[in-house]
Structure formats: C-alpha cells, structure tokens
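**Student:** My questions concern the predicted model and sequence given below.
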Amino acid sequence: MISEAEAHSKILKTIQPLPARRTLLLSALGCFAAEDHFARLPLPNFDNSAMDGYAVVASSCRKGERLLVTGEQPAGPDRQLRISPGEAVRIFTGAPMPAGADAVVMQEDVIRDREEIVLNVDVDPGEFIRKRGCDLSEGQKILSKGERIRAATLALFASQGFSDLAVGAAVSVAIVSSGDELMKVGEQLKSGQVYESNSALLQALLKSCGAIVKSAEHSRDDRELLIETIERGLKNHVLIISGGVSVGEHDLVQSTLRSLGAKIDVWRVAIKPGKPFLFGRIGDCFVFGLPGNPVSAFVTFLQFVRPAILKMMGAANLDLPMGPAKLIADLTNDSDRPHYVRGKLEDGKFTPVGRQESHALFGLSQSNALLRVAVGESLKAGEIVNLQLWD
C-alpha cells in the first residue's frame, strides 16, 4: 500500500497531455486553451458614448448654457461629424464620438428647444465616454495556456474576430462495471442483487470534467466475458473499471489485466474510503480500477482519475476548488489512512452528512464537499477547515 501523494505523483508522471487540436469557436466551450492568446483589437476599438444624450465640448458647458445641435450620430458607421464649442451632436449609446467632443451630457440632463439644447447641469471633460482600449489593450493576454474556456471567454474571443481556437485534446473514456451482484436499472432484482449505480455516477463525473464517455458496459464475474469487455474498452484513451479490483476469489480485474499485458503502476492506496485502487496501462490506454462501493469510487475518482483526465486535456490547474468553512461537529481519525469526510457546505459552515461508510450513497448525495482528516488528527467544532468542493 502506498501513500496518496506517491500514487498521485506516479499517475501524473505517467500521464502526458494529448496532442492539441483546432476547433470552431462555439465548439471550444469547456475545453482548455492549448496556447496563450492575445488581444488583436483594443476594447472598445474607438471612443464611444456610454449614454444616449449629446456629445459636447465640456469647456463651453455650464448649467443654463444653450448649445446648437448640428447633427446626429447613431450607433453604427462613423459619420465623421465634428463640433466646436457652443455646439452639440445628438448621440446614442455605443456611437463613435464626433471629432472635437470631449464629453457626453445625458438626455435627461438637458431640455430640447427645437435646434438647441439647454443644459441643466455642469459638464466635466470625459463624462460618459468609453475611451478606446479602456477595457482591453491590443496585445494584452486574454487567456493563458491551460485555462478552461467559459461562455464569457467565447464572447471575448468573438469580439476579437477569432473563428477557431487551438484547444486540448478530446479524451475518450470507456466504463466497465463488474460483479454478479449487479443488475441493470429496469431489470427485476433477485435476492442478494443490487442495481448498478457506479456507471451513472462515473458518467456524470466524467462529463463534468469535459471527457467523452464512449461506452458503459457491465461484465459478470466471468474471466472470458471480462476479457472481451475490457478489450472493447481499450480502444479509448482511458478505461475505468468499477468493482472487482480487490483480492477476493471473485475479484478478477487485476489478474485479467495482467493477462492482457497490463503494466500496473499503482495498487492499493492509503486512503479512506478507496484503498483497493489500481492504475496501469495497456498499450496506449490508461486503466483505472476503482472500488465497487460507490463512495470509494467517488473519492478515488476525484483524487486520482479527475486530475489525470484534466492533464490529458491540457488543463493547467488539476486540483478541485478549495474553500474555508467553520466545522460544525468534532471529528477524529483513528484509522491508519487519511479519511475523506463527506458533508454539506452551507452559509460558510461544514456539516458531516450521513454514515461515513463506503457504501453510504444517500449521505454522498446530500453532500457537496470533502474534508480530508489526516491519520491521528482531531478537529474541534468551530475550527476553520479547508474543503474540497465539487458541487
């Protein structure tokens, strides 16, 4: 049995980012940038009005002054208008500023009198003008390599005229669940059987990472059937096998993988829940063996599988989001392994939820955070702890 840190290090030293690809802008959502990106244009690209009103020369604008309206500039093509002191141009939000104007007075602050306006306020230079480049300068970095591309990022790239982007690879994953005790949802349960739920859990976790789930199959505890199912899964970048990775007489996964030529780099990790964890490789496919108990599968996925997949996709940050919270209950870890306690973060407080056992799926379903409690560590209610957040 090896430590979490050693397992994490071995996995991430073995995993390397897959080759980058180019994709259309809208298809890049959720992907990771494969290179640094820089602004092609300043934002805004020209001085423009922040309000509907009148473009003016501020030095000629005092409360009670009359100004002659000499033209109109809507948003759109620049009409190349020019004004002098004592003049104004009717202007609308986003419209380019006329030459000579250095301020905008809001339409609510004037009285229109035929071809003139009467000012109800004093006007200072620069009022209600969006200066060229005030939001973004040409050449400024807008996204670093390895950052995830979000909806707002797409809007920024569109404003710069990007039609496609270089992004990290799309990672394909196959899931295999094993065990005679498992039945598909919708089938009739027999005594001693349970519905198979890990594949639904893993598919949801994989999709939240941005991976592509190519298949999810189940195999009975039959070596030949397991070989056939695994061989189909090996056509992907990653194969995740849930269940059958321990050392019982019916746990066939490890020996079956070795018979197929697998190189096993990690076997059994000091983590609770989730000790019977496996990582290896067959050809070009990375194989993760997760415990069959759902909470163990969940915890080991987040700690080991998730960062590996993100690295393959080209992500720079492989860690779960972290956040502080006040602990509501005393916690002590008397076991020989670090314990990931499931609980709910709400209003800045963390409350452990449900039975902290590897099969306790209901408690997991009510949780949104993990608290790592080290071996021998005791935490008191009221302490500030640092949580891993997944939801």
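**Tutor:** Received, thanks. Numbers count the residues shown, from 1 in each chain.
**Student:** Show me where the stretch 101-250 of the chain has its strands.
**Tutor:** Counting by DSSP state E, counting those that start in this stretch, the stretch 101-250 of the chain has strands at residues 103-106, 110-113, 116-119, 129-130, 141-143, 164-167, 172-178, 182-183, 194-195, 212-219, 238-242.
**Student:** need the contact list for residue 8.
**Tutor:** 303-304, 307 (CB atoms under 8 Å, 6 or more residues apart in numbering). In short, each C-beta sits where N, CA and C put it, glycine included.
**Student:** ditto for residue 97
**Tutor:** Residue 97 neighbours (CB under 8 Å, 6+ apart): 46-49, 55, 73, 91, 104, 129.
**Student:** Weed out the non-buried ones from those.
**Tutor:** 47-49, 55, 73, 91, 104, 129 (16 or more other CB atoms under 10 Å).
**Student:** what sits opposite the most centrally placed residue in the chain in the beta ladder?
**Tutor:** Central residue of the chain (CA atoms, centre = their mean): residue 148, 6.3 Å from the mean position. Beta-bridge partners of residue 148, counted by DSSP bridges, are residue 32.
**Student:** please renumber so the chain begins at 577
**Tutor:** Fine by me, first position is 577 from now on; the one you just mentioned is residue 724.
**Student:** So it is in contact with residue 606, correct?
**Tutor:** Yes. Counting by CB atoms under 8 Å, residue 606 is a contact partner of residue 724 at 6.8 Å.
**Student:** Go through the contacts of residue 673 and flag which are in strands.
**Tutor:** 624-625, 631, 649, 667, 680, 705 (DSSP state E).
**Student:** Could you identify the pair within these that is furthest apart?
**Tutor:** 649 and 705 (12.9 Å; CB to CB).
**Student:** Tell me where the stretch 577-726 of the chain has helices.
**Tutor:** Taking DSSP state H, counting those that start in this stretch as the test, the helices found in the stretch 577-726 of the chain are 580-590.
**Student:** tell me which residues of stretch 751-764 are tucked away?
**Tutor:** For stretch 751-764, by 16+ other CB under 10 Å, it's 751-755, 758-759.
**Student:** Next one: residue 839 from residue 586, what distance?
**Tutor:** 12 Å (CB to CB, to the nearest Å).
**Student:** tell me how far stretch 782-790 is from the chain's mean position?
**Tutor:** The chain centre lies 12 Å from the centre of stretch 782-790; the measure is CA atoms, centre = their mean, to the nearest Å.
**Student:** what do you get for stretch 916-931?
**Tutor:** 22 Å.
**Student:** Could you give me the buried positions within it?
**Tutor:** 916-921, 926-930.
**Student:** Ok, stretch 623-641 next?
**Tutor:** In stretch 623-641, counting by 16+ other CB under 10 Å, buried: 623-625, 627-634, 636-637.
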